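Novice: below are the sequence and a predicted model for it; my questions follow.
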Amino acid sequence: MGLSRLSLLLSLYTIARAAEGPCNVGPLDCYEVMNASTCFASIDMGPGSLNPKAQVLQCVNEGDAAAAQEVICRCWGCDSALEGWVKSNNICP
């Protein structure tokens, strides 16, 4: 992993820790969620967004919806758009 990519992930992790929702201990634990931010933006994941659950799960893991939901519920505080969507749609217990 290049230094700039690691710096970016650590910066995102630091910003994410200010969020209300969970964002697992290490920056790589929630990599799938942090890496999906461009996908979330492309499907307009703003506050109150009612995007179909399948579309959001595909941003995190295209092939395994159950794994995607597990990561989202463990890491929804790592992305502000995802955080708003999870709260609005009661996705995680």
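Specialist: Alright, I've got the coordinates.

Novice: for the most centrally placed residue in the chain, list the residues it contacts.
Specialist: What sits nearest the mean C-alpha location of the chain, by Cα atoms, centre = their mean, is Val33, with 3.2 Å. Neighbouring residues of Val33 by Cβ atoms under 8 Å, 6 or more residues apart in numbering: Val60, Val71, Ile72, Cys75, Trp76, Cys78, Asp79, Leu82. Where you see a C-beta, it was placed from the backbone N, CA and C, and this is true even at glycine.

Novice: phi and psi next, for the last one.
Specialist: Right, the one you point to is Leu82. Backbone torsions of Leu82, given as degrees, to the nearest 10, read phi -70, psi -40.

Novice: ok, how many other residues are close to the closest residue to it other than its chain neighbours?
Specialist: Distance criterion Cβ to Cβ, 6 or more residues apart in numbering; nearest residue to Leu82, sequence neighbours excluded, is Trp76 at 5.2 Å. Look at Trp76: counted by other Cβ atoms under 10 Å, it has 25 neighbours.

Novice: surely Trp76 and Gly21 touch.
Specialist: Yes. In this structure Trp76 lies within contact range of Gly21 using Cβ atoms under 8 Å: 4.4 Å.

Novice: which residues touch Cys92?
Specialist: Contact partners of Cys92, counting by Cβ under 8 Å, 6+ apart, are Gln69, Ile72, Cys73, Trp76, Val86.

Novice: swap the cut-off to 6 Å and go again
Specialist: By Cβ atoms under 6 Å, 6 or more residues apart in numbering, the contact set of Cys92 is Cys73, Val86.
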